[in-house]
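> Here is my input; please provide its structure:
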Amino acid sequence: MSQRMGKKRSGWRKLGRVLLYFIASIIVILVVFIIFVLSVSHIDPPEIGDKSALQWERQQLDSTSYTLGNNWFRKSNSGLYELYVEGKPFERGVVNGKLTKELVQRQEDHFTAQLRKMVPSETYIKFLKYFVRFFNRHLSENVAEENKEEIYGISFSASEKYDFIGTNYERILNYHAAHDIGHALQNMALVGCTSFGTWNDASDDSTLIIGRNFDFYVGDKFAEDKIVAFYHPEKGYNFMIVTWGGFTGAASGMNDKGLTVTINADKSAIPTASATPVSLVAREILQYATTIDEAWKIAQKHKMFVSESFLVGSAIDNRAALIEKRPEGMDIYDPKKNFITCTNHFQGTKFSKAQENIIQRDETASGYRFERLTELMKEKGPNTVQKTVDILRDRFGMHGQNIGVGNEKAINQFIAHHSVVFEPKKKMVWVSTSPWQLGEYVAYNLDSIFSMHGLKTDHEVRDTTQTIAADPFLKTKDFASFVAFRAMRADILDGKEVDVQAMIALDPEYFYVYILAGDYEFKHKHYDVALNYYNTALTKVIANKNEEMHVRKQIEKCKKPS
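I've put the predicted structure just below:
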């Protein structure tokens, strides 16, 4: 007996030693990994010979307006911020940062706050920090020197309180790849945008018109401080972009030669390392291209790690085309028509028949939104700027069906960071004001802006004669109900107690309210009630396959609760 007990104790000691060895090995591996990440992921800033611009100081015109030489920054009475910068890359960055310092810091606050909301665990945030640093260890090698110098200049105005994430320069540079990283990690199009263009007899006056919704959501506060930025670079063409504090890439923009670029994400495989951020490829096209062919050649130079469509419009060509780029290659889609439409799947011959693209088209909102966009364009007839805005604001499903306010399958998903309309030949751009694309679209003429020589007094620089009025929907009970629903949705996602029936009454055709209600009741172990909500969700227009699968799995759980 004692012999057996002795053998048993000996066995436990051996098992204990194995476990200790295993744990110690894991700790050593983690330590080695962290040391490796810290050693390889540090990004040195570019060498700058003349840093005298750091001594420059902005001058205040009034409470919301600053100048620095010919450069200026102001808040329009539309609610949009407006920025003009010129000169060499590093100097542009320094000036940009000095003029918009408060917005650069506030934007990082909002971004970090939203990250903490999405990833509440400090442990996971630390892991995410190391992952991003490892993932982006070669980022600097894939960014043009000009971009790095400009970003470095801005970084001097960033806050020091986020040093635990990385240096100011490392953070601002990494933020330029945030779209790509989030898109890739989720293996879905986080930027579920819609864009389209018309020309020749599809436009009322035959000129090229392009509209787009940039449906990029990182919390409500992230979209509060939109900047309409006008660049007069030392090299290349003058251009404008719609952006935010600290961000120099292009999501939507036009240059003074009438070339436009908008980006639309497509499905991507999970990559192993970073390449050139999509927004910086788009920025280079804006700064150095005048035709679709020139844009193609610039895009061809760059390696990217996510799949993206660049809708490029050209006043010189008087048409638009899609440059479709994947990590393994690229294609161009020319519709051979007088209009073009784009959501979040590829249309060119090279990639459109790929299985992952078909899944993206059919199992996400992309295919449905594409069909709705095509339907609206046919209904509206020859296009105008006003009709373009009307389409971008459309909140309904196919054939005008009420699919709930905020449904991802609608053109207007009520998450847009910004919405824009371009008339390239006229050098005109209209930019939406809050909320989403429901406020006024304010107009800017690029020739007028770039003919200014500084800002002597604070005054409106937009073309007030061409403002597009706010959407009447803003004044309706349905809009008030949607705002109330969003507040209740935030409460329920934060774990607060809510009246789910009252929530449903605010947006009863929206499938998601029933998923929220079902999940809420399931959490409270009211399985019969939850089952009823889930079954109702299946009778509505569900945005994508993943959400439908979630509902069906929950139904099975309700039938067999553990």
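> so residue 261 sits in a strand?
Yes. The assignment for residue 261 by DSSP: H, G, I helix; E, B strand; the rest coil puts it in a strand.
> Spatially central residue in the protein, please.
Nearest to the mean C-alpha position of the chain, counting by CA atoms, centre = their mean, stands residue 216 at 3.4 Å.
> Look at it and give its secondary structure.
Relying on three-state DSSP, one would call residue 216 coil.
> shouldn't residue 314 be in contact with residue 290?
Yes. Between residue 314 and residue 290 there is a contact under CB atoms under 8 Å: 7.0 Å. Yep, even glycine has a C-beta here, placed from its N, CA and C like the rest.
> what about these two, which has more around it?
residue 314 (24 against 17; other CB atoms under 10 Å).
> so what's the more buried one bridging to?
With DSSP bridges as the criterion, residue 314 is bridged to residue 259, residue 319.
> Can you tell me how far it is from residue 424?
7 Å (CB to CB, to the nearest Å).
> With residue 166 instead?
Residue 166 is 39 Å from residue 424, by CB to CB.
> next one: residue 541
From residue 541 to residue 424 the distance is 35 Å (CB to CB).
> who has more neighbours, these two?
residue 424 (27 against 19).
> Now for the more buried one: which residues touch it?
By CB atoms under 8 Å, 6 or more residues apart in numbering, the residues touching residue 424 are 207-208, 210, 254, 258-260, 313-315.
> Which residue ranges of the stretch 101-250 of the chain form strands?
194-198, 209-214, 227-233, 239-243 (DSSP state E, counting those that start in this stretch).
> now swap in the stretch 251-400 of the chain and tell me
252-255, 259-265, 308-314, 319-326, 329-333, 339-342.
> So for residue 420, which of these sits nearest?
For residue 420, the closest of the strands of the stretch 251-400 of the chain is strand 252-255, at 4.8 Å, according to CB to CB.
> partners of that closest one, with directions?
Sheet pairing of strand 252-255 (DSSP bridges) gives strand 239-243 (antiparallel), strand 259-265 (antiparallel).
> Considering the contacts of residue 424, which possesses the most neighbours?
Looking at those with neighbours defined as other CB under 10 Å, the largest count falls to residue 260 at 30 neighbours.
> residue contacts, the residue lying closest to residue 384 once chain neighbours are set aside?
Leaving aside its sequence neighbours, residue 384 sits nearest to residue 204 (CB to CB, 6 or more residues apart in numbering; 4.8 Å). For residue 204, the contact set (CB under 8 Å, 6+ apart) comprises 382-384.
> Just send these back as a markdown table, with distance to residue 468 too.
As requested, the contacts of residue 204 are exported to a markdown table (distance: CB to CB, whole Å):
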| residue | distance to residue 468 |
| --- | --- |
| 382 | 18 |
| 383 | 14 |
| 384 | 10 |
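> Any of those residues buried? List them.
For those, a neighbour count by 16 or more other CB atoms under 10 Å gives the buried set as 383-384.
> quick check, nearest of the contacts of residue 204 to residue 102?
Of the contacts of residue 204, the one sitting nearest to residue 102 (CB to CB) turns out to be residue 384, at 37.9 Å.
> what does the domain assignment say about the chain?
Domains of the chain are assigned by automatic domain parsing as 11-41, 70-450, 478-559.
> Mind checking the pLDDT average for the last one?
To tie it back to what came earlier, the one meant is domain 478-559. Domain 478-559 shows an average pLDDT of 97 in the prediction.
> swap in the shortest one?
Domain 11-41 carries an average pLDDT of 45.
> got it, and the second one?
Per-residue pLDDT values across domain 70-450 average out to 90.
> Can you give me every residue that contacts residue 467?
440-443.
> Could you report the distance from it to residue 371?
Using CB to CB, residue 467 is found at 31 Å from residue 371.
> Repeat that for residue 414.
Distance from residue 414 to residue 371, by CB to CB: 20 Å.
> again with residue 49
In terms of CB to CB, residue 49 sits 55 Å off from residue 371.
> ok, these two, which is more surrounded?
residue 371 (15 against 5).
> That one and residue 398 touch, don't they?
Yes. Contact criterion CB under 8 Å: residue 371 and residue 398 qualify, at 6.4 Å.
> picking that back up, can I get the strands paired with strand 252-255 in CSV including distance to residue 450?
Rendered in CSV, the data for those read as follows (distance: least, CB to CB, whole Å):
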stretch, distance to residue 450
strand 239-243, 9
strand 259-265, 15
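> Please enumerate the helices of the stretch 1-150 of the chain.
Ranges of helices in the stretch 1-150 of the chain, per DSSP state H, counting those that start in this stretch, are 2-41, 89-99, 101-118, 122-135, 145-155.
> Hey, what's the angle from the second one to strand 227-233? Just curious.
Going back to what we said before, that points to helix 89-99. Going by axes from the mean of the first three to the mean of the last three CA atoms, to 10 degrees, helix 89-99 is angled at 150 degrees with respect to strand 227-233.
> roughly how far is helix 89-99 from the heart of the chain?
23 Å (CA atoms, centre = their mean, to the nearest Å).
> What helices and strands are in contact with it?
Helices and strands touching helix 89-99, by 3 or more CB pairs under 8 Å, 6 or more residues apart in numbering; DSSP states H and E, are strand 65-68, strand 71-75, strand 81-87, helix 145-155, strand 227-233.
> And for that helix, what's in contact with it?
For helix 89-99, using CB under 8 Å, 6+ apart, the contacting residues are 46, 48, 50-51, 53-54, 56-58, 66, 68-69, 71-73, 83, 85-87, 104, 145-147, 149-158, 229, 231, 233-234, 246, 248.
> Spit out the residues that contact residue 314 and residue 290 alike.
By CB under 8 Å, 6+ apart, the residues touching both residue 314 and residue 290 are 258-259.
> Residue 202 and residue 383 touch, don't they?
Yes. Here residue 202 lies in contact with residue 383, judged by CB under 8 Å, at a distance of 6.0 Å.
> Need the residues touching each of these two.
What both residue 202 and residue 383 touch, as defined by CB under 8 Å, 6+ apart, is the set 339, 377.
> ok so, going back, dump the contacts of residue 467 into JSON lines; add secondary structure and distance to residue 556 as well.
Output for the contacts of residue 467, formatted as JSON lines (DSSP: H, G, I helix; E, B strand; the rest coil; distance: CB to CB, whole Å):
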{"residue": "440", "secondary structure": "coil", "distance to residue 556": "48"}
{"residue": "441", "secondary structure": "strand", "distance to residue 556": "47"}
{"residue": "442", "secondary structure": "strand", "distance to residue 556": "51"}
{"residue": "443", "secondary structure": "strand", "distance to residue 556": "54"}
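> so of the strands paired with strand 252-255, which one's packed in deepest?
strand 259-265 (a mean of 28; mean count of other CB atoms under 10 Å).
> List the residues that contact the residue lying closest to residue 232 once chain neighbours are set aside.
Nearest in space to residue 232, with sequence neighbours left out and distances taken as CB to CB, 6+ apart, is residue 86 at 3.8 Å. Shown in contact with residue 86 (CB under 8 Å, 6+ apart): 70-71, 92, 231-234.
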